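K.L.:
One predicted model, sequence on top.
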Number of protein chains: 2
Amino acid sequence: MNMNKRLDVFRKYMNENQVKHSLVWEPDNQYYLSGFRAISYSRPIVTLISEELIELIVPGLEEVHAGEKAKVDHLYVYYEQTDKGHLETSYRDHLTALLKKYPSGTKVGVELGVLPANVYLYLKEFGFELVDVGEKITHFRAIKDKNEIELLKIAGKLSDYAIEESLRYARVGISELEFDTNGDKYLLEIASRDYPEELIGYENWTCSGVKRSAMPHLYSSTRKFENGDPVVHSRQVWFNGYRAENERTFFVGKPSEKQKDLLKVAIEAQRVAMEMIRPGITAREVDIASYEVIKRAGYGEFVNHRVGHGLGLSEHEEPYLRFDNDLILEEGMVYTIEPGLYVPGLGGYRHSDTVILTKNGSFSITQYPREIEHLIF
Amino acid sequence: MNMNKRLDVFRKYMNENQVKHSLVWEPDNQYYLSGFRAISYSRPIVTLISEELIELIVPGLEEVHAGEKAKVDHLYVYYEQTDKGHLETSYRDHLTALLKKYPSGTKVGVELGVLPANVYLYLKEFGFELVDVGEKITHFRAIKDKNEIELLKIAGKLSDYAIEESLRYARVGISELEFDTNGDKYLLEIASRDYPEELIGYENWTCSGVKRSAMPHLYSSTRKFENGDPVVHSRQVWFNGYRAENERTFFVGKPSEKQKDLLKVAIEAQRVAMEMIRPGITAREVDIASYEVIKRAGYGEFVNHRVGHGLGLSEHEEPYLRFDNDLILEEGMVYTIEPGLYVPGLGGYRHSDTVILTKNGSFSITQYPREIEHLIF
């Protein structure tokens, strides 16, 4: 990753807006700018960016890890023991020391959309003028560079392998979670063979049966597939942090004509969206055009979410392909296309693919077959 | 779950502190009070609690799900299409309508530690006095009831099965991620057999080799086990939301005497902590006593984290067993005991078990053998 270029772009923005200092709190934003990501729950990690320096505050258990991975000028560590001569036992000890040199009234950048209120109030006590820089980082992150796209392509390919393997186990009597785990195991075997010493992860959500599949977002459960089930299987795979999403609706046993028709409409709505996107189109146009396909088929009332969302380091990020988002789509953006229909008594119908916007159009980095004849088990 | 009792306790607290209304943002807190949990990234979900009502705001794709699971008086839904006669397209539309009836100066409870700054500022515009109720909810959640303990016990048992199965694959040439996935697959098969139609999940972090294991928290990678590796394998399994943590350090091939000694000290530090805990002891006393064991053995400098943390709905929660936490431990608290030593050139050494505090002492819900003779492969 070219962190220097990212920092240059961010600092230019800070400079143009008279922001002297930024405090970055969101883990994916920190990773984007510093190259460091930790498994973090109750111990805050903070990245600080000024015109001259990028600095990182981490807990003691991340000291070696951050020393190795973080592309920063200074590392400040807080500890959970005090008998080794260290006095800092909280990230705030370091933060106060670092920030107190800035006079009251200094313009400080924060991510207003994620910064906890108590940290906001703490920063206010310094007399700083706090302005949002989070939206701008989101915007920078939405345009992927070549290196990021390479990682995304690997994630997409791995997700195809996983779906293919899971589908080999699609049958009456297997639970949603067992269905998922067969694909996971295979994915990790392939990845261990082909990509040594890399970081890979995944998330799955499988909603089986008429009732569960009609709810778009559910955790996979131990419910077992039954004959006649429509199943919406969702999968995200990440490779060194970058995520591809891959979702297929399939049938266990023979679907009814009506169910086949619902899936066909979802597929057509996806195709229309995928084919129309090119740089210069707005996010809203894509959402509306895809929704129109479903409405014309008479199923408009069964739609309950937008047509897609951006992804990359985060599960969801800009561009959100939503009816009221006027964002103009640009080359290098990466997003899902996943129109869905959710019909009481008949189930849910949605494929999702991860698409990269290029100069002339777009291509999908997830390639598992979409046609209904490949999706009946 | 007895949501009514939880709400009664929370409302009593609100009432005693003249808090008229609370806005609960943190997903685990919402689940604790409403019984509803969604997979949620970019679409906010908000729970509102007043003396009379508990209300929930969800996006359209959660309408059916929330209608089924949430124990609330009213459900408000915002949509991503406007052509069905719905006007609300953001959670704020509902929130504004619900809050504007409260006069300026009303005391409103929020979780200052997690509420995003921009939501805090939005609420300030109503003229409300915003006070923290998050810490109190954390405190309520720290004491588990009988039902929660039953779920935790199942999670603990499942984690033992998974570790046992993964360890059957501990050998030179298997990657960290492959090692993990074998246990996951078995866990989900057992769970699907024994607990139909339930929600189960897991997280693993395996750090293998002298270098990686000396960093306490890393994502599992495709690095392959080598002869002589110490490996710190961490696992959390959740059952219907409730998490048990189970970690074992093991060796691939023969450890050196020094490495054996390091693991023995970690085991002894864990044993001392587990045996001393009873209601009335403070969190700090446990951390200090365990740390003393390691210091007496001459390894104090290799400790870089506290001895444990609470868990339940969240990966980490109160009680934090840390040198400066004066919290008095009470019956029903659940926490990990996991002293660790991280030695450059020799690796990391840490077991973690999940322990429930009872009237007379404590018991571990994770039971995989801890002794070194069971942990050489």
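P.N.:
All right, it came through fine.
K.L.:
going forward, measure contacts between C-alpha atoms and count neighbours the same way
P.N.:
OK.
K.L.:
in chain A, which spans are helices?
P.N.:
A:3-16, A:27-34, A:63-69, A:91-99, A:117-124, A:134-142, A:146-168, A:176-194, A:209-213, A:257-276, A:283-296 (DSSP state H).
K.L.:
Out of the ones you listed, which gets nearest to B:H65?
P.N.:
Nearest of these to B:H65, taken as CA to CA: helix A:209-213 at 8.8 Å.
K.L.:
Run through who's touching the closest one.
P.N.:
With contacts defined as CA atoms under 8 Å, 6 or more residues apart in numbering or on different chains, helix A:209-213 is touched by A:207, A:218, A:225-226, A:228-232, A:342, A:344-349.
K.L.:
so which of these also contact chain B?
P.N.:
Among the contacts of helix A:209-213, the ones lying near chain B by CA under 8 Å from any CA of the partner chain are A:L218.
K.L.:
Mark which of the contacts of helix A:209-213 are buried, thanks.
P.N.:
Neighbour counting by 16 or more other CA atoms under 10 Å in any protein chain shown classes A:207, A:218, A:225-226, A:228-232, A:342, A:346-349 among those as buried.
K.L.:
And those, which is closest to B:Y291?
P.N.:
Of all the buried ones among the contacts of helix A:209-213, the one with the least separation from B:Y291 (CA to CA) is A:L218, at 42.3 Å.
K.L.:
Reformat the buried ones among the contacts of helix A:209-213 as TSV; add pLDDT.
P.N.:
Converted to TSV, these look like this (pLDDT from 0 to 100):
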residue	pLDDT
A:C207	98
A:L218	97
A:F225	98
A:E226	98
A:G228	97
A:D229	98
A:P230	98
A:V231	98
A:V232	98
A:Y342	98
A:L346	98
A:G347	98
A:G348	98
A:Y349	98
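K.L.:
for these, which one is nearest B:N17?
P.N.:
A:L218 (36.9 Å).
K.L.:
The closest one contacts B:F36, doesn't it?
P.N.:
No - assessed by CA atoms under 8 Å, A:L218 is found out of contact with B:F36, at 11.5 Å.
K.L.:
Quick check, pLDDT for A:M1.
P.N.:
With respect to pLDDT, A:M1 has a value of 67.
K.L.:
To clarify, my last question referred to A:S22.
P.N.:
pLDDT, read off for A:S22, is 98.
K.L.:
circling back: so which of the contacts of helix A:209-213 belong to strands?
P.N.:
Counting by DSSP state E, the part of the contacts of helix A:209-213 found in strands is A:C207, A:D229, A:P230, A:V231, A:V232, A:Y342, A:G347, A:G348, A:Y349.
K.L.:
and the fourth one, what does it touch?
P.N.:
The reference is to A:V231. A:T206, A:C207, A:S208, A:G209, A:S213, A:T249, A:F250, A:F251, A:V252, A:G348.
K.L.:
how close does it get to chain B?
P.N.:
Separation of A:V231 from chain B (CA to the nearest CA, to the nearest Å): 15 Å.
K.L.:
Tell me what that residue is bridged to.
P.N.:
A:S208, A:F250 (DSSP bridges).
K.L.:
hmm, back to that, closest to chain B among the contacts of helix A:209-213?
P.N.:
A:L218 (6.6 Å; CA to the nearest CA).
K.L.:
tell me the phi and psi of the closest one?
P.N.:
The phi/psi pair for A:L218 (degrees, to the nearest 10) reads phi -140, psi 150.
K.L.:
same question, A:A297
P.N.:
phi -80, psi 0.
K.L.:
mind listing what it touches?
P.N.:
So, once contact is read as CA under 8 Å, 6+ apart, A:A297 ends up touching A:V265.
K.L.:
Check the gap between it and A:H351 for me.
P.N.:
Distance, A:A297 to A:H351, using CA to CA, to the nearest Å: 17 Å.
K.L.:
next one: A:D160
P.N.:
For A:D160 relative to A:H351 (CA to CA), the value is 13 Å.
K.L.:
which residues do those two both contact?
P.N.:
Both A:D160 and A:H351 are contacted by A:N246, under the criterion CA under 8 Å, 6+ apart.
K.L.:
neighbours around A:H139, how many?
P.N.:
A:H139 has 12 neighbours, counted by other CA atoms under 10 Å in any protein chain shown.
K.L.:
wait, doesn't it sit right on A:Y320?
P.N.:
No - taking CA under 8 Å as the definition, A:H139 is not a contact partner of A:Y320, at 11.5 Å.
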